[in-house]
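Visitor: Model the structure of this input:
(one chain, ligands or ions: 2)
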Amino acid sequence: MASGLLSANGGSRKHKVTVVGSGNWGSTISKIVAENTKGHPELFEEDVQMWVYEEEVTYEDKTQKLTTVINKHHENVKYLPNIKLPTNLIANPSLEDAVSESTILIFNLPHQFIHRICGQLKGKIVPYARGISCIKGVNVTDEGISLFSEWIGEGLGIYCGALSGANIASEIAAEKWSETTIAYDPPPMDNSRNPSRNPTPRSATPNRSSDSPRASADELSITPLADTQHRDVRGRISKTRLTPVPPEYPPLDHDTFKTLFHRPYFHVRMVSDVAGVSLGGALKNIVALAAGFVDGRGWGDNAKAAIMRVGLLEMVKFGHEFFGETISTGTFTEESAGVADLITSCSGGRNFRCARKAVETGVSVQDVERAELNGQKLQGTSTAVEVNSFLRRRGLEQEYPLFTAVYNILEGRNSVDDIPNLVART
Ligand SMILES: NC(=O)C1=CN([C@@H]2O[C@H](COP(=O)(O)OP(=O)(O)OC[C@H]3O[C@@H](n4cnc5c(N)ncnc54)[C@H](O)[C@@H]3O)[C@@H](O)[C@H]2O)C=CC1
Ligand SMILES: O=C(CO)COP(=O)(O)O
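Guide: Numbering: from 1, shown residues only. Ligands and ions are numbered 1, 2, ... in the order given. Just a heads-up that it's a prediction; the model follows:
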């Protein structure tokens, strides 16, 4: 993959980009980055690999492999129909081959599949790769709760940031203007152009244990970072010893990531709050279900606005309570990844639409998902279950009445009519 041309920093290599995932958003992000790799040959290899979970589709009256159709017709006819994909975007059914030699890995698939995929990636990626997670969801285990950005990073031994925003894929694929937020807090060794984004985290607001050890005051304030160290999203010095990006590559910093993702129709703001950006994307899906429930009940915009208000408060509270050292309230209230994503998701997102239809037609949200989404996956239903399991184990369900109500409605223990009283004290 070495090229004879010099890259932006005078080095001889360029970043190879792979998108792991090819659904509705995965294909849209692939389109964006392939347009930018083509436009920036000084930084990136032109071809972008897109790993596709192979399946058969019927196209032009023939049953064919999805990757064959994408590579021949430059369209993901199943998950992003009627959108032309760049010819330098290569659909690849082999995960191992798709990530081979890639220095930038973009994770973009429904969160229920990421465990298996990461298991397959172990030992198959270059050690100095860096990741961006576009996944909206949280990872809940017996040990506690983690974000996919941190879970992927620790699992693969790489650094992983997060991209999230008010980003309904079909609108962006049609090149209608939107904004997004990318949180990337690069390890100092990669950070040759930006000042260090590993600031001393703010001192912790009093918060409860997420069962993941948090940074001690000493570690937060005075412990210097060694070359191979970085801070994780909770402000701790990460156990992952990173391999530096070799100097022959352009630096992997905010400028490079902005160049990779920013388009005239997709405006990027770079921040450092990986936890806030990741959590906003995960938790708003629970709130969007609630918005769909009240809309389906016919209660109109005032009720939906009340859901958004209470939902935003619970999102901020959850962030401070369990990721309190580093999270910034401003991420929720000022960034696309926070309040803007909440609003768009409660207006036209899939979670909202399926929840509304479920109430209107009297069937379960899961049944609507299966019937309406042609293989696309909701994230709110599983996130509601996962967040509830995390809260219940800690006896905290009553402190998050909206999250809890959504879970109980999905389980058939509460009805939509109960919502006003359940959230009355918020
Ligand atoms: N669609 C949207 O508008 C947006 C989605 N997101 C987030 O992006 C992430 C990815 O979502 P989408 O690309 O929309 O996915 P999607 O909802 O279109 O899901 C379908 C994808 O899942 C894959 N899949 C199905 N079974 C699989 C299996 N067993 N193993 C691995 N993959 C399998 C399919 O191949 C397809 O690529 C989610 O976390 C979502 O919340 C974020 C912003 C916007
Ligand atoms: O995250 C999204 C918009 O920002 C899409 O939300 P849905 O998955 O509910 O469609």
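
Visitor: From here on, just use CA atoms for contacts and neighbour counts.
Guide: Fine.

Visitor: Pick out the residue of the stretch 201-350 of the chain closest to ligand 1.
Guide: Closest residue of the stretch 201-350 of the chain to ligand 1, CA to the nearest ligand atom: residue 349 (6.8 Å).

Visitor: Give me the phi and psi for the residue lying closest to that residue once chain neighbours are set aside.
Guide: Of all residues not flanking residue 349 in the chain, residue 168 sits nearest, at 6.6 Å (CA to CA, 6 or more residues apart in numbering). The phi/psi pair for residue 168 (degrees, to the nearest 10) reads phi -70, psi 120.

Visitor: and what of the one 10 residues further on?
Guide: Its backbone dihedrals place residue 178 at phi -150, psi 170, with angles given as degrees, to the nearest 10.

Visitor: what's the spacing between it and residue 336?
Guide: 9 Å (CA to CA, to the nearest Å).

Visitor: any common contacting residues for these two?
Guide: residue 166 (CA atoms under 8 Å, 6 or more residues apart in numbering).

Visitor: who has more neighbours, those two?
Guide: The neighbour count for residue 178 versus residue 336, taken as other CA atoms under 10 Å, is higher for residue 336 (27 against 18).

Visitor: next SSE after the longest strand along the chain?
Guide: When every strand of the chain is counted residue by residue (DSSP state E), the longest turns out to be strand 44-51. Sequence order places strand 56-59 as the next helix or strand after strand 44-51, per DSSP states H and E.

Visitor: list the helices and strands that next one packs on?
Guide: Here strand 56-59 touches strand 62-65, helix 66-73, going by 3 or more CA pairs under 8 Å, 6 or more residues apart in numbering; DSSP states H and E.

Visitor: Mind putting the ones you listed into a markdown table with distance to ligand 1?
Guide: Converted to a markdown table, those look like this (distance: least, CA to the nearest ligand atom, whole Å):
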| stretch | distance to ligand 1 |
| --- | --- |
| strand 62-65 | 12 |
| helix 66-73 | 9 |
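
Visitor: a markdown table for these, including distance to residue 302, mean pLDDT and mean neighbour count?
Guide: Shown next, in a markdown table, are the helices and strands packed on strand 56-59 (distance: least, CA to CA, whole Å; pLDDT from 0 to 100; neighbours: other CA atoms under 10 Å):
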| stretch | distance to residue 302 | mean pLDDT | mean neighbour count |
| --- | --- | --- | --- |
| strand 62-65 | 47 | 97 | 12 |
| helix 66-73 | 43 | 98 | 19 |
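
Visitor: Tell me the secondary structure at residue 387.
Guide: helix (DSSP: H, G, I helix; E, B strand; the rest coil).

Visitor: Tell me if I'm right that it and residue 137 touch.
Guide: No. Taking contacts as CA atoms under 8 Å, residue 387 lies outside contact range of residue 137: 9.7 Å.

Visitor: all strands for this structure, in order.
Guide: Secondary structure of the chain (DSSP E): strands at 15-20, 44-51, 56-59, 62-65, 89-92, 104-107, 130-133, 138-141, 144-147, 159-164, 178-183, 266-271.

Visitor: Residue 387 and residue 137 - which one has more neighbours?
Guide: Comparing residue 387 with residue 137 by other CA under 10 Å, the one with more neighbours is residue 137, at 28 against 23.

Visitor: Name the nearest residue to that one, ignoring sequence neighbours.
Guide: Nearest to residue 137 is residue 282, by CA to CA, 6+ apart, at 4.1 Å.

Visitor: can you pull the pLDDT of that neighbour?
Guide: As predicted, residue 282 sits at a pLDDT of 97.

Visitor: wait, doesn't it sit right on residue 139?
Guide: No. Taking contacts as CA under 8 Å, residue 282 lies outside contact range of residue 139: 9.8 Å.

Visitor: Neighbour count: those two, which is higher?
Guide: residue 282 (27 against 20).

Visitor: Name all residues that make contact with the more buried one.
Guide: 136-138, 379-380, 383.

Visitor: And for residue 233?
Guide: Taking CA under 8 Å, 6+ apart, we find residue 233 in contact with 150, 273-275, 323, 326.

Visitor: try 6 Å
Guide: Contact analysis of residue 233 by CA atoms under 6 Å, 6 or more residues apart in numbering lists residue 275.

Visitor: likewise the one 10 residues further on?
Guide: Contacts were defined as CA under 6 Å, 6+ apart; by that measure residue 243 touches 127-128.

Visitor: Use 26 as the first number for this chain going forward.
Guide: New numbering, starting at 26: the last item is residue 268.

Visitor: re earlier: if I average pLDDT within each of the strands of the chain, which one is lowest?
Guide: Of all those, the minimum mean pLDDT falls on strand 163-166 (a mean of 88).

Visitor: does it come close to ligand 1?
Guide: No. Using CA under 6 Å from any ligand atom, strand 163-166 stays clear of ligand 1, coming no nearer than 9.5 Å.

Visitor: ok, that strand near ligand 2 or not?
Guide: No. Using CA under 6 Å from any ligand atom, strand 163-166 stays clear of ligand 2, with a minimum separation of 13.5 Å.

Visitor: who touches that strand?
Guide: Counting by CA under 6 Å, 6+ apart, 170-172, 411 sit against strand 163-166.

Visitor: cool, and stretch 372-384?
Guide: Stretch 372-384 is contacted from outside by 313-314, 317-318, 320-321, 371, 389-390, 393, 403, using CA under 6 Å, 6+ apart.

Visitor: Which positions in the protein make contact with ligand 1?
Guide: 46-51, 78, 104, 133-136, 138, 159-162, 192-194, 400-402, 404.

Visitor: the helices in the stretch 326-451 of the chain, which residues?
Guide: In the stretch 326-451 of the chain, the helices defined using DSSP state H, counting those that start in this stretch lie at 354-359, 366-373, 375-386, 390-397, 405-418, 426-435, 444-447.

Visitor: For residue 373, see how far away the closest residue to residue 262 other than its chain neighbours is.
Guide: Closest residue to residue 262 apart from its sequence neighbours, by CA to CA, 6+ apart: residue 256 at 4.4 Å. Residue 256 sits 36 Å away from residue 373, going by CA to CA.

Visitor: more crowded one of those two?
Guide: Shown here are residue 256 and residue 373; by other CA under 10 Å, residue 256 has more neighbours (25 against 14).
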